[in-house]
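# Structure of the sequence below:
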Amino acid sequence: MTGETLRLRVELGYDGAPFKGWARQPGLPSVQGALEDALELIFRAPCATVVAGRTDTGVHARRQTVHVDVPAPLWARFACSRPRGPLASDADTGDLSAGGPADVQDVAARDAAAAGLTRKLNGALNRVLGKDRAAHGWDPAVGAIVVRDVAVAPEGFDARFSALSRGYTYRVADAVTGHDPLTRTFSWWVPWHLDVPAMDRAVRELLGLHDFLSFCKPREGATTIRDLQRAGVHRDESGMIIIALQADAFCHHMVRCIVGAVVRVGEGRYDAAWPGQRLRARVRDANVLMAPAHGLVLDAVRYPDQSQLAERARLTRARRPAQHDE
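This next block holds a predicted model:
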């Protein structure tokens, strides 16, 4: 916290289907737009968010991390006006027109207020996402975003630049799994038997620090060098194929292109060495299939110990000044 603002760390999950990705876009539904509108509903002022991973249209998140800087006077008014007692409504979004001064430096008070903001944000989100419900009777976006936790961010925390890694999973249903219409919005249906051991060997060819140009949609001024820290493919108890990837960060479309390449190995079109060969070729072409977005989930963002947050952010900014990470 500075003398002017208080930084909050927000953890949330969302079903990406109703949204055109994370990033706010004029006239289009987005996760960022809904979250910032909900924050504005509570604080009666615009609140800009910074996210750990900018997910594409249709991509889901189990545990996304965001930070937001709230002006200290607005936070003080919120802390004083939040409802107290058992009769407080879960849908209450707060009234900042009332309330006197609050000691925003009081750690216990601000932590309690941050916890209260979790409930208020979920109520405000449902109001924002349900604004068209009266006209249509039901809105599929209602409940598609859930704030799991709000806390006062430690000194030096930056949701994007302090992150050590992002972890994704991708779900594929094949002929072994069978086609289940109830899971089709969260998995890619491939109607034949995939060779999971070959897929696992293939994805491990990509581990380490490499230029992933062959598996990225490059952005101007952004590096495509990434450290793929963990990678593996297995079947879960239901038979669903799980492709798990963890890296310091991912380039645009990198996860989906890796998944597409690994699935082609599973189909028998290429051997397990092929993804590694494509990686070393550093050429992006039609041979690398991009998997559909709806099977992809951002599972977690990992951060260093509190004492290392600021240094991690400094090092990341120096390395990726123009980067938009997934």
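# What ranges does this protein have for its helices?
31-43, 72-81, 107-129, 133-136, 196-204, 254-267, 274-281, 309-319 (DSSP state H).
# Of all those, which one is nearest Leu8?
helix 107-129 (6.2 Å; C-beta to C-beta). All C-beta spots, glycine's among them, are computed from the backbone N, C-alpha and C.
# Which among the helices of the chain is found nearest to Gly221?
Judging the helices of the chain by C-beta to C-beta, what sits closest to Gly221 is helix 309-319, at 13.0 Å.
# which outside residues touch the closest one?
With contact meaning C-beta atoms under 8 Å, 6 or more residues apart in numbering, helix 309-319 is reached by 154-158, 160-164, 223, 303-304.
# Just among those residues, which is most surrounded?
Most neighbours among the contacts of helix 309-319, by other C-beta atoms under 10 Å: Ser162, with 27 neighbours.
# show me the residues around it that make contact.
156, 303-304, 309-310, 312-313, 316.
# that older thread, lowest-confidence entry in the contacts of helix 309-319?
Taken together, those show their lowest pLDDT at Thr223, with 88.
# In space, what's closest to Val107 - neighbours in sequence excluded?
Among residues not flanking Val107 along the chain, Val152 sits closest, at 7.7 Å (C-beta to C-beta, 6 or more residues apart in numbering).
# I'd guessed the one you found sits against Ala109; true?
No. Using C-beta atoms under 8 Å, Val152 is not in contact with Ala109, being 10.3 Å away.
# Have a look at these two and say which one is more surrounded.
It is Val152, of Val152 and Ala109, that has more neighbours when counted by other C-beta under 10 Å, with 18 against 15.
# what are the bridge partners for the more buried one, then?
Leu8 (DSSP bridges).
# could you list every residue that touches it?
Contacts of Val152 by C-beta under 8 Å, 6+ apart are 1, 6-9, 107, 110-111, 114.
# Turn the residues you listed into TSV, columns for distance to Trp189.
Shown next, in TSV, are the contacts of Val152 (distance: C-beta to C-beta, whole Å):
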residue	distance to Trp189
Met1	48
Leu6	46
Arg7	42
Leu8	39
Arg9	37
Val107	50
Arg110	47
Asp111	45
Ala114	41
